[in-house]
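Student: I'll drop the sequence and a predicted model, then ask my questions.
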Amino acid sequence: MTEGQSLEIMARQLIDSVSTMTLATSGGKEAWAAPVYYVFYDRDFYFFSAPDSRHIVESAASGQAAAAIYPAVSSWRDIRGIQMSGRIDPVRPGLKAIGALRAYIGKYPFTQEFFESRQELDLEAFAKRFRVRLYRFEPRLVCYLDNKIRFGFRESVCL
């Protein structure tokens, strides 16, 4: 296994083990950060947000966003995470959206409660009921950082 492959595996393990991703946007003079539950599905990150939330409005206006995923640690030696830049787009209904929603429910089983038993996974009904939409963060640049490798270690990886 090459170093690049092992870094990609470590990045994927981290992505799969953490539940929240912090999204960062900017709308002029001030930057903004917002934590969201996410699922990694088919090389993108899917999450729910209100269409009028600041991070959605600012990312739509600028066409760009950044994201970070990291576990809580108590020592600088244990700091590791994922830093990304990319864009956020609303997800249109279709097979990919259903696949992402199923993956989301699989990662967060409590969300199954939001659907009536035997109800089909209907994103439009879900959006109306909770006033949220499914969005996709599409990373353009992904970096894995890990102070266990060495202080300040950061290298780009492919997911």
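Tutor: Received, thanks. Numbering: from 1, shown residues only.

Student: quick one: least confident helix or strand in this structure?
Tutor: Every helix and strand of the chain was ranked by mean pLDDT, DSSP states H and E. The lowest is helix 123-130, at a mean of 76.

Student: tell me where the model's unsure across this structure.
Tutor: 1-5, 115-121 (pLDDT under 70).

Student: the longest helix along it packs against which elements?
Tutor: The residue-count maximum for a helix in the chain (DSSP state H) belongs to helix 3-17. Counting contacts by 3 or more C-beta pairs under 8 Å, 6 or more residues apart in numbering; DSSP states H and E, helix 3-17 is packed against strand 39-41, strand 80-90, strand 133-146. C-beta: built from backbone N, CA, C; applies to glycine.

Student: which one of those lies nearest to R102?
Tutor: strand 39-41 (8.7 Å; C-beta to C-beta).

Student: direction included, what does that closest one pair against?
Tutor: Taking DSSP bridges as the criterion, strand 39-41 forms sheet pairs with strand 44-49 (antiparallel).

Student: restricting to C-alpha, output the following helix or strand past the partner strand in PDB.
Tutor: Using DSSP states H and E, the helix or strand that follows strand 44-49 towards the C-terminus is helix 54-62. Coordinates of each C-alpha in helix 54-62 appear next as PDB, following Å, rounded to 0.1, in the frame of the first residue of the first chain:
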ATOM      1  CA  ARG A  54     -27.100  32.000   5.800                       C
ATOM      2  CA  HIS A  55     -24.600  29.300   4.600                       C
ATOM      3  CA  ILE A  56     -27.000  28.300   1.700                       C
ATOM      4  CA  VAL A  57     -27.700  31.900   0.600                       C
ATOM      5  CA  GLU A  58     -24.000  32.900   0.700                       C
ATOM      6  CA  SER A  59     -22.800  29.800  -1.100                       C
ATOM      7  CA  ALA A  60     -25.400  30.300  -3.800                       C
ATOM      8  CA  ALA A  61     -24.400  33.900  -4.300                       C
ATOM      9  CA  SER A  62     -20.700  33.200  -4.400                       C
END
